[in-house]
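1. coords please:
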Amino acid sequence: MTHFPYLFAAYAVVWLGLFGYLLRLGRRSRELEEELRDLRRQLGR
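-> This is a model prediction of the structure:
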């Protein structure tokens, strides 16, 4: 029972890390979509 704060802290760190990773992944995905759109536009000329 005395180790619950450590368990909570560990879960919090894991969830925060996962959230940060998903934010980075989403941002990178949008950047790649924009780059692909630009390349398609250049090829269409």
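
2. how far does whatever helix or strand L32 lives in sit from the chain's center?
-> Using DSSP states H and E, the element containing L32 is helix 4-44. Remark: helix 4-44 is offset 2 Å from the chain centroid, using CA atoms, centre = their mean, to the nearest Å.

3. what about the protein, any weak spots by pLDDT?
-> Judged by pLDDT under 70, the chain has no weakly predicted residues.

4. Give me the residue at the spatial middle of it.
-> In the chain, the centroid-proximal residue (CA atoms, centre = their mean) is L22; its distance is 2.3 Å.

5. List the contacts of that residue.
-> Listed by CB atoms under 8 Å, 6 or more residues apart in numbering, L22 has no contact partners. Any C-beta I mention is one placed from the backbone N, CA and C, and that applies to glycine too.

6. measure it to W15 for me?
-> Per CB to CB, to the nearest Å, L22 is found 11 Å from W15.
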